[in-house]
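**Student:** coordinates only, sequence not included:
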Ligand code: MOS
């Protein structure tokens, strides 16, 4: 996989204090460059998965079940096959794998969908010469069910829990004795917060176009966040060798977790294309995306805080109930940030699962922290009220020096600076006591929350080539899901190689290129950025050799290699071309340091005393996430996260009918994400920070840090405005009247 001689491989076992991004003189790193893929997107020339066209292509429309539990008795395929234009109906369900917890594929189920696990489960694909005919026939496909009782009501079954195996977070963690600490404490909070199911709601629906080659290989044009592992999943579900499957995902219209693993349309398109002997395109409808991909689990979170009279925490309990199907072990890791955010001797952080017959729960936009922080940071706000202490001061008093559970140092941690710098910029000193500020019929309040999101490194690789004309190409199976990967990876290569960004061609999203972990868990920039860094580091060494100067004596800038009082165009040093592959793997640093991004969210809201309507007036996010690679794309990532925070606090609510399991609001008309008019003036501040333990580029993950805590700041502002503590999200107007 990693060719000998041209691969620069690094396992992150030691800190990496020196960075070529600090010594580079191209001056491009960190700059607010426009996205290099921006013009393609705004002119409609970036090709998304549903836009690939092939001669002789057939259209597939998926069919989901109309019941939530039971069995299929029969599917009357012949009833629709006679419709003119219909080519076939594939009901060979054994190969319709399901997306699982981490969005990953589960093993292919046994023959036939014997048991329907949730409403909308995909059980057939109708193929036709046109999309319209396929859609019509899909709507008419007669399916006879044998319906059974299912569990749709979380609240009714909340006492029937099971302990899942450890996942991204340990399912159960205990240190000391929270009960005793609570009994002995000067001040305590014991509150239960409830959050609803949510949907990733990426703008682009899941879509796949499958094309088989004569050699039995499959190319799938899909919308996936992690093409390398997605191709492996797809191969497994089809019984193929991974080498036979190529996924191309050059542009992705948002993923937010729902595209981490393959969804039903990819497998359906692949099987159908094989069966027909023609390329097949399958695009999920918006309701199908809601019903048959993944949801974020609803949660019920009990948070207990014990503190002494000075506000120093002596205990933190964060006990989460989440839901999933009985065959699934993924749990919403709501307590994941609680492990490392605050000190406190006694700790209990647990996650238990309640079985439901609802669409799978899986990773969505900062799985864990996004909803976990609503509870933890709401409870911290409650504690500050009880102590009559400024909530920022309370957080600073509990900012630990070392990880409170692992007894290791933080790789970098600037929570206090993020709070202080943010407070100054936001004008926190204007905050008043709860319920005391009114402008006409609006109550005004300010809220704060800490932000935390674990930093991850994932094995990734990238190839960089320098061509004789002095241009370069960066290629990797990494993706850009709208985050800016194309741009920041080009900036890293440009900074180290001294080749202008305009002369760098990016090839992302193709598994024919070197494998990468893709986009997820905010690991993309650090992981793939390091892979590009390492490739460029090796190329730099080769250029020094070609120049016959020491590496220290080599300066690369504006396409020229300068050293020993000589300047040569870089292209003249590479012969027929030079290439190197960079390869990074996580190592001991992950265990020897506790790694996370930290920050602070500030919100000001106005709540109408007559209607109960909440309007967010302004927000500020203050983040310490290591080096900022591109000030514009980093800011945009944070703005997006903060916008999700508004949704988490005020609007997002995926509602299942507790009698039938049917999804009540399966489209963007009824599932409310904040739209333009809901999003106020927002500012982003970055604390100057470098993380030498995380990776050689000294950056930490940023996308999900922008989410984690944002909703809590809004909720705490609502409390400050009204004096009403809503613990059941979203905070709709009925809960404030
Ligand atoms: Mo993220 S929920 O890992 O796309």
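**Tutor:** In hand now; what should we look at? Note that this is a predicted model, so its numbers are computed, not measured.
**Student:** element containing whichever residue of the chain sits closest to the ligand?
**Tutor:** Ranked by CB to the nearest ligand atom, the top residue of the chain for proximity to the ligand is residue 257, at 2.8 Å. Bear in mind the C-beta positions are built from the backbone N, C-alpha and C, glycine included. Using DSSP states H and E, residue 257 is not contained in any helix or strand.
**Student:** excluding its backbone neighbours, what's nearest residue 410?
**Tutor:** residue 594 (5.0 Å; CB to CB, 6 or more residues apart in numbering).
**Student:** cool, residue 365 as well?
**Tutor:** Using CB to CB, 6+ apart and skipping residues adjacent in sequence, the residue nearest residue 365 is residue 256, 4.7 Å away.
**Student:** so that neighbour versus residue 480, what's the distance?
**Tutor:** Between residue 256 and residue 480 the computed distance is 14 Å (CB to CB, to the nearest Å).
**Student:** who in the stretch 401-550 of the chain is up against the ligand?
**Tutor:** 520, 521 (CB under 6 Å from any ligand atom).
**Student:** so where do the helices sit in the stretch 151-300 of the chain?
**Tutor:** Here the stretch 151-300 of the chain has its helices, by DSSP state H, counting those that start in this stretch, at 178-184, 227-238, 264-276, 286-292.
**Student:** out of those helices, which comes closest to residue 380?
**Tutor:** Go through the helices of the stretch 151-300 of the chain one by one with CB to CB and the one that ends up closest to residue 380 is helix 178-184, at 15.6 Å.
**Student:** what's that closest one packed up against?
**Tutor:** strand 299-307, strand 313-324, strand 346-355 (3 or more CB pairs under 8 Å, 6 or more residues apart in numbering; DSSP states H and E).
**Student:** just how off-centre is stretch 705-723 within its chain?
**Tutor:** On the basis of CA atoms, centre = their mean, to the nearest Å, stretch 705-723 sits 21 Å off its chain's mean C-alpha point.
**Student:** report how many residues lie close to the residue nearest to residue 410.
**Tutor:** Close neighbours of residue 594, defined as other CB atoms under 10 Å, add up to 24.
**Student:** again with residue 676
**Tutor:** The local packing count at residue 676 equals 6, with neighbours defined by other CB under 10 Å.
**Student:** and it, what's its pLDDT?
**Tutor:** What the model reports as pLDDT for residue 676 is 93.
**Student:** same deal with residue 398?
**Tutor:** Residue 398 is assigned a predicted lDDT (pLDDT) of 98.
**Student:** and the gap between it and residue 184?
**Tutor:** Using CB to CB, we find residue 398 at a distance of 17 Å from residue 184.
**Student:** for residue 687, same thing?
**Tutor:** Residue 687 sits at a distance of 36 Å from residue 184 (criterion: CB to CB).
**Student:** okay, those two: which has more neighbours?
**Tutor:** With other CB under 10 Å as the criterion, residue 687 and residue 184 differ in neighbour count, and residue 687 comes out ahead with 23 against 14.
**Student:** just give the closest residue to the more buried one, not the sequence neighbours.
**Tutor:** Distances taken as CB to CB, 6+ apart put residue 624 closest to residue 687, at 3.9 Å, once the chain neighbours are dropped.
**Student:** so the one you found versus residue 426, what's the distance?
**Tutor:** For residue 624 relative to residue 426 (CB to CB), the value is 16 Å.
**Student:** now swap in residue 482 and tell me
**Tutor:** Taken as CB to CB, the spacing of residue 482 relative to residue 426 amounts to 27 Å.
**Student:** can you pull the buried residues of the lowest-mean-pLDDT helix or strand in the chain?
**Tutor:** Across the helices and strands of the chain, the lowest-confidence element by mean pLDDT, DSSP states H and E is strand 70-75, at a mean of 90. Of the residues in strand 70-75, 70, 72, 75 count as buried by neighbour count, 16 or more other CB atoms under 10 Å.
**Student:** what does stretch 278-295 give?
**Tutor:** By 16+ other CB under 10 Å, the buried positions in stretch 278-295 come out as 278-285, 288-295.
**Student:** cool, stretch 704-716 as well?
**Tutor:** Here stretch 704-716 shows 704-716 as buried, counting by 16+ other CB under 10 Å.
**Student:** nearest to residue 516 among those residues?
**Tutor:** Nearest to residue 516 among the buried residues of stretch 704-716, counting by CB to CB, is residue 704 at 18.4 Å.
**Student:** just list the residues touching the nearest residue to the closest one once chain neighbours are set aside, thanks.
**Tutor:** Once flanking residues are discounted, residue 704 sits nearest to residue 366: 3.7 Å by CB to CB, 6+ apart. Applying CB atoms under 8 Å, 6 or more residues apart in numbering to residue 366 gives the contacts 453, 522, 641, 644, 704, 705, 707, 708.
**Student:** restricted to helices, list these.
**Tutor:** Using DSSP state H, 641, 644 are the members of the contacts of residue 366 that sit in helices.
**Student:** between the contacts of residue 366, which sits nearest residue 618?
**Tutor:** Looking across the contacts of residue 366 and measuring by CB to CB, the closest to residue 618 is residue 641, at 15.9 Å.
**Student:** for this structure, give me the ranges with low pLDDT.
**Tutor:** Along the chain, the parts satisfying pLDDT under 70 run over 1-5, 92-114.
**Student:** enumerate the residues of it near the ligand.
**Tutor:** Residues of the chain lying close to the ligand by CB under 6 Å from any ligand atom are 225, 255, 256, 257, 260, 363, 364, 365, 367, 520, 521.
**Student:** any chance of these in TSV with neighbour count and distance to residue 188 as columns?
**Tutor:** Converted to TSV, these look like this (neighbours: other CB atoms under 10 Å; distance: CB to CB, whole Å):
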residue	neighbour count	distance to residue 188
225	28	42
255	28	40
256	27	36
257	26	35
260	28	39
363	27	33
364	26	32
365	29	31
367	30	29
520	27	37
521	26	34
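**Student:** please report how far residue 478 lies from residue 532.
**Tutor:** Counting by CB to CB, the gap from residue 478 to residue 532 is 9 Å.
**Student:** overlap in contacts of those two?
**Tutor:** Contact criterion CB under 8 Å, 6+ apart; residues bridging residue 478 and residue 532 by contacting each: 462, 489.
**Student:** packing partners of the lengthiest helix in the chain?
**Tutor:** When secondary structure is assigned using DSSP H, the longest helix within the chain turns out to be helix 524-547. The criterion is 3+ CB pairs under 8 Å, 6+ apart, and the helices and strands that helix 524-547 contacts are strand 7-12, helix 20-23, strand 460-466, strand 472-476, helix 485-497, strand 560-563, strand 578-586.
**Student:** domains in the protein, as residue ranges please.
**Tutor:** Each structural domain of the chain that the record assigns through automatic domain parsing is listed here as a residue range: 7-30+458-586, 52-149+206-283, 161-198+296-456+592-736.
**Student:** mind putting these into JSON lines with distance to residue 43?
**Tutor:** Written out in JSON lines, the entries for these read as follows (distance: least, CB to CB, whole Å):
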{"stretch": "domain 7-30+458-586", "distance to residue 43": "15"}
{"stretch": "domain 52-149+206-283", "distance to residue 43": "12"}
{"stretch": "domain 161-198+296-456+592-736", "distance to residue 43": "19"}
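**Student:** run through the strands of the stretch 151-300 of the chain in chain order.
**Tutor:** 161-162, 172-175, 187-195, 207-212, 218-222, 245-248, 280-283, 299-307 (DSSP state E, counting those that start in this stretch).
**Student:** what strands line up against the last one, and which way round?
**Tutor:** Sheet pairing of strand 299-307 (DSSP bridges) gives strand 187-195 (antiparallel), strand 313-324 (antiparallel).
**Student:** now these as a markdown table including mean neighbour count and distance to residue 141?
**Tutor:** Listed next are those as a markdown table, based on neighbours: other CB atoms under 10 Å; distance: least, CB to CB, whole Å:
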| stretch | mean neighbour count | distance to residue 141 |
| --- | --- | --- |
| strand 187-195 | 19 | 36 |
| strand 313-324 | 25 | 29 |
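**Student:** and residue 632, which of those strands is closest to it?
**Tutor:** Once CB to CB is applied to the strands paired with strand 299-307, the stretch that comes out nearest is strand 187-195, at 31.7 Å.
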